[in-house]
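Peer 1: model this:
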Amino acid sequence: LNHFGIHDNTAIHLSPTLSGCWDWHPIDYYYRQTIRRIVRAIKDDSCGNGKVEMEILREAVPFPPPMKKRENFVAFVRKYPDLFYVESVTDYSAGVKYVKLNAEGDIPIWL
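Peer 2: Just a heads-up that it's a prediction; the model follows:
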């Protein structure tokens, strides 16, 4: 660093030029970790009926930093129809969505 004129008490600001190049793990690691956390949250917070509101689940399972700019929570859950079943309640309310584990192999209705 002395060769470039950087001496003691000098602040250096390093910023990545490629997206995701400073992640600790590959992005698949963060996807698998988030899926495990969603499954655990559904099992813990289902109140006996086996499903959790999407907004409650979104607050309970925040994305890790590498995924925050890459993914939307609803789109992420819907990418795995073999694991999660998204149930929409269409009434005069705000359109509440529920998420449950897809143990029965239900076919998603939004496909």
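Peer 1: C-alpha from now on. contacts and neighbour counts both.
Peer 2: Noted.
Peer 1: next one: phi and psi at residue 13?
Peer 2: Dihedral pair for residue 13: phi -110, psi 120, per degrees, to the nearest 10.
Peer 1: buried residues in the lowest-mean-pLDDT helix or strand in the chain?
Peer 2: The helix or strand of the chain with the lowest confidence, counting by mean pLDDT, DSSP states H and E, is helix 65-68 at a mean of 81. Buried residues in helix 65-68, counted by 16 or more other Cα atoms under 10 Å: 66, 67.
Peer 1: got it, and stretch 64-78?
Peer 2: The neighbour-count check on stretch 64-78 (16+ other Cα under 10 Å) flags 66, 67, 73, 77, 78 as buried.
Peer 1: and which of these is nearest residue 24?
Peer 2: residue 66 (9.3 Å; Cα to Cα).
Peer 1: hang on, isn't that closest one packed against residue 26?
Peer 2: No. In this structure residue 66 lies outside contact range of residue 26 using Cα atoms under 8 Å: 9.6 Å.
Peer 1: need the next SSE after the helix or strand where residue 75 lies, C-terminal direction.
Peer 2: If you go by DSSP states H and E, residue 75 is part of helix 73-78. Downstream of helix 73-78, the next assigned helix or strand under DSSP H and E is strand 84-88.
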